[in-house]
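Enquirer: Below: sequence and its predicted model.
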Amino acid sequence: MELQEFKTKVLPVKDRLYRIALNMLRSVVEAEDTLQDVMVKLWDKRQRLDEYRSVEALAVTITKNMCLDKLKSKKHKNQLDVQEMELDSGFVTPYRKVELEDSMSVMNEVFEGLPDQQRLLITLRDIEGFSYEEISDQTGLEINNIRVGLSRARKKAREVYMKIEDYELR
């Protein structure tokens with residue numbers, strides 16, 4: 001198999017191989033490295049590729065096996081994905097910042113619309129982080145009543161928020 005035939009038979013499946021590797025490894029860098037290794041391996045086997053019924057099936061099998069090898073290796077288990085760290089580094093794009101501000105504004109409206117007791121329970125539990133026992137001591141309510149009140153408050157807030165967001169999407 002010469003270069004031109006390799007290009008027509010192997011290169012069209014490159015994107016599919018990349019998606020398989022990315023799906024298995026969950027790392028852009030690892031997927032790119034694996035794809036490059038697969039292409040090198042296929043290039044090295046180019047003289048014997050005619051022996052296979054489907055070059056695409058062979059390429060997928062090689063990709064899958066290389067991904068499994070990487071997943072099994074200790075190096076992969078201890079390696080950090082730098083790109084994922086960058087995504088979680090706290091940097092927020094201007095578009096995302098505006099979107100978050102809008103969501104917070106809607107949530108504040110929803111929160112202000114809740115009855116006083118439900119607002120108090122959400123504040124104590126979800127914002128201040130008090131335990132059910134501490135909330136019971138502070139409010140004099142039974143723990144079961146606190147749980148029910150929180151459940152109803154969260155459900156109501158979710159319904160109102162989704163109603164507002166659904167309306168804005170239309």
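Expert: Structure received. For clarity, every value in this text was computed on a predicted model and none was experimentally measured.

Enquirer: Pull out the buried residues from stretch 102-111.
Expert: Buried residues in stretch 102-111, counted by 16 or more other C-beta atoms under 10 Å: 110, 111. Where you see a C-beta, it was placed from the backbone N, CA and C, and this is true even at glycine.

Enquirer: Just the CA atoms of it, as PDB, please.
Expert: Provided in PDB are the C-alpha atoms of stretch 102-111 (Å, rounded to 0.1, in the frame of the first residue of the first chain):
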ATOM      1  CA  ASP A 102     -28.700  36.400  35.200                       C
ATOM      2  CA  SER A 103     -29.300  33.100  36.800                       C
ATOM      3  CA  MET A 104     -28.400  34.500  40.200                       C
ATOM      4  CA  SER A 105     -30.700  37.400  39.700                       C
ATOM      5  CA  VAL A 106     -33.600  35.000  38.900                       C
ATOM      6  CA  MET A 107     -32.700  32.800  41.900                       C
ATOM      7  CA  ASN A 108     -32.700  35.800  44.200                       C
ATOM      8  CA  GLU A 109     -36.200  36.800  42.900                       C
ATOM      9  CA  VAL A 110     -37.400  33.200  43.400                       C
ATOM     10  CA  PHE A 111     -35.900  33.100  46.900                       C
END
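
Enquirer: Tell me which residues are up against that stretch.
Expert: With contacts defined as C-beta atoms under 8 Å, 6 or more residues apart in numbering, stretch 102-111 is touched by 119, 122, 157, 160, 161, 164, 165.

Enquirer: rerun at 7 Å
Expert: 119, 157, 160, 161, 164 (C-beta atoms under 7 Å, 6 or more residues apart in numbering).

Enquirer: Centre of the chain to it, how far?
Expert: A distance of 24 Å separates the centroid of the chain from that of stretch 102-111, by C-alpha atoms, centre = their mean, to the nearest Å.

Enquirer: ditto for stretch 37-57
Expert: Once both centres are worked out by C-alpha atoms, centre = their mean, stretch 37-57 turns out to sit 33 Å from its chain's centre.

Enquirer: and the end-to-end length of it?
Expert: Separation of the first and last residues of stretch 37-57 by C-alpha to C-alpha, to the nearest Å is 16 Å.
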